[in-house]
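can't give you the sequence, but here's the structure:
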């Protein structure tokens with residue numbers, strides 16, 4: 001079931017609350033710079049099979065959190081990797097990721113910073129499509145081979161998160177989301 005709302009631009013909102021772009025451009029997300037953990041990049045998102053798709057249903061679920069959430073850090077068990085090369089996003093985005101995000105966070109921001117990180121025995125990477133449509137990527141800023149992306153002045157909205165595998169060998173990983181760092 002879809003509900004069509006007139007919001008100045010045509011958008012379709014599915015039951016999951018995710019905005020879908022009826023023209024197939026990836027839920028209203030567009031190209032933008034990728035920042036995070038010291039990495040920069042930019043790239044075009046075409047919504048095709050060879051590109052990550054922020055409008056796809058997240059592989060390991062979705063959650064709504066508001067600033068000051070009690071269950072901090074919030075954790076999600078995922079399997080890293082996929083068949084899409086994150087370097088197609090440009091800049092320092094690296095690793096193999098899936099087409100669909102691994103996790104989707106809808107966040108109501110406050111004054112606290114927001115950090116996404118991954119703990120894994122494999123060399124993991126992190127790719128995030130933020131509420132502003134920009135790509136934020138990291139490889140090893142979390143220590144060792146673990147990635148971490150911090151938003152010191154986070155925006156409210158949807159954060160689509162991919163946990164990648166640097167060398168293509170995916171494995172068990174724990175995605176964490178915290179305001180405590």
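Great, that's in hand. Values in this document were obtained by computation on a predicted structure and should not be read as measured data.

would you say residue 92 is within a strand?
No. Using DSSP: H, G, I helix; E, B strand; the rest coil, the assignment for residue 92 is coil, not a strand.

that one contacts residue 141, doesn't it?
No. Taking contacts as CB atoms under 8 Å, residue 92 lies outside contact range of residue 141: 10.7 Å. Where you see a C-beta, it was placed from the backbone N, CA and C, and this is true even at glycine.

more crowded one of those two?
Neighbours per residue (other CB atoms under 10 Å) separate residue 92 from residue 141, with residue 92 holding more: 19 against 16.

okay, that one and residue 137: tell me how far apart.
From residue 92 across to residue 137, the span is 6 Å (CB to CB, to the nearest Å).

what sits closest to the residue nearest in space to the middle of the chain if chain neighbours are left out?
Taking CA atoms, centre = their mean as the criterion, residue 161 is the residue nearest the geometric centre of the chain, at 2.2 Å. Distances taken as CB to CB, 6 or more residues apart in numbering place residue 103 nearest to residue 161, at 4.6 Å, with adjacent residues excluded.

ok, residue 171 next?
Leaving aside its chain neighbours, residue 171 sits nearest to residue 122 (4.1 Å; criterion: CB to CB, 6+ apart).

give the contact list for that neighbour.
80, 145, 165-167, 169-171, 173 (CB atoms under 8 Å, 6 or more residues apart in numbering).

kindly list the longest strand within the chain.
Criterion DSSP state E: the longest strand present in the chain is strand 157-165.

quick one: the very next helix or strand once past that one to strand 157-165, angle?
Next helix or strand after strand 157-165 toward the C-terminus (DSSP states H and E): strand 172-178. The directions of strand 172-178 and strand 157-165 differ by 150 degrees, with axes from the mean of the first three to the mean of the last three CA atoms, to 10 degrees as the criterion.
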